[in-house]
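Asks: requesting a structural model of the entry that follows:
(chains A and B)
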Amino acid sequence: EDQVTQSPEALRLQEGESSSLNCSYTVSGLRGLFWYRQDPGKGPEFLFTLYSAGEEKEKERLKATLTKKESFLHITAPKPEDSATYLCAVPNPNTGNQFYFGTGTSLTVIP
Amino acid sequence: DGGITQSPKYLFRKEGQNVTLSCEQNLNHDAMYWYRQDPGQGLRLIYYSQIVNDFQKGDIAEGYSVSREKKESFPLTVTSAQKNPTAFYLCASTISSGNTIYFGEGSWLTVV
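Replies: Prediction:
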């Protein structure tokens, strides 16, 4: 069964302590992997799209990477304002018009 | 600025009432979606529409209805048949299948 799994569910970091979030997927025929940031009570905000293994994208302290089975969101020297829930999603490989979402990783960065 | 506008942000419903959540986009996107988000659970698809006057059920369509009379608009009605409607509802859109999906700010629905 096609699915997306994120780990860990929650992560607490000290400010400046780098770490990585994981998104593993089992869909065959990947048509892109999407990362989002969601603040409490708000809609998810688009961060990155990755399409092929080996691809990397960066934005400020965030870097997303993709392999054939998983994606990592690396957070370098995080700040308290990076605290949020990070979601990943992949489109249904057969139709493309539905998306499988992970349950997210809740990141808290402590000053 | 282009974007997706959801209204109202907060809505309270009495048991037995139908309520309608509005979603408007000015991104010229063809496909629109409604998701439900509950604490500790991922986004669950309620309905989606790829073109005007056409829509399909998602994973949890029971107790909900939609319409797509205009490209820009995709309202969601939560009917009295929905037994547990208290949740955060998200509208989204994408220019076409498989492309980046963008979200509105969400609407909180509470049954009182």
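
Asks: is residue 57 bridged to anything, and to what?
Replies: Using chain A. A:K57 has these beta-bridge partners by DSSP bridges: A:A64.

Asks: wrong chain, I was asking about chain B
Replies: Beta-bridge partners of B:K57, as defined by DSSP bridges: B:Y47.

Asks: next one: it from A:L47, what distance?
Replies: 29 Å (Cβ to Cβ, to the nearest Å). Glycine gets a C-beta too; all of them are placed from N, C-alpha and C.

Asks: specify the beta-bridge partners of the residue most central in space within chain B.
Replies: Central residue of chain B (Cα atoms, centre = their mean): B:W34, 3.0 Å from the mean position. Using DSSP bridges, the bridge partners assigned to B:W34 are B:Y47, B:C91.

Asks: correct me, but it touches B:A87?
Replies: No. Between B:W34 and B:A87 no contact is recorded; they are 11.2 Å apart, counting by Cβ atoms under 8 Å.

Asks: flag the shaky bits of the chain, pLDDT-wise.
Replies: Answering for chain A, as no chain was given. For chain A, the stretches flagged by pLDDT under 70 are A:1-2, A:96.

Asks: my bad, chain B
Replies: In chain B, residues with pLDDT under 70: B:1.

Asks: who in chain A is up against chain B?
Replies: A:4, A:31-32, A:34, A:36, A:41-46, A:49, A:87, A:89, A:91, A:95-99, A:101-104 (Cβ under 8 Å from any Cβ of the partner chain).

Asks: can you tell me the number of residues neighbouring B:S22?
Replies: 15 (other Cβ atoms under 10 Å in any protein chain shown).

Asks: surely it is in contact with B:K9?
Replies: No. Taking contacts as Cβ under 8 Å, B:S22 lies outside contact range of B:K9: 10.8 Å.

Asks: out of the residues of chain A next to chain B, which are inside strands?
Replies: A:V4, A:F34, A:Y36, A:E45, A:F46, A:T49, A:L87, A:A89, A:P91, A:F99, A:F101 (DSSP state E).

Asks: residues in contact with the fifth one?
Replies: Applying Cβ atoms under 8 Å, 6 or more residues apart in numbering or on different chains, we find A:F46 in contact with A:F34, A:W35, A:Y36, B:T100, B:I101, B:Y102.

Asks: how many residues are close by residue 102?
Replies: All of this refers to chain A. Neighbour number of A:G102 under other Cβ under 10 Å is 24.

Asks: that's the wrong chain, I wanted chain B
Replies: B:Y102, neighbours per other Cβ under 10 Å, totals 21.

Asks: sweet, I'm off.
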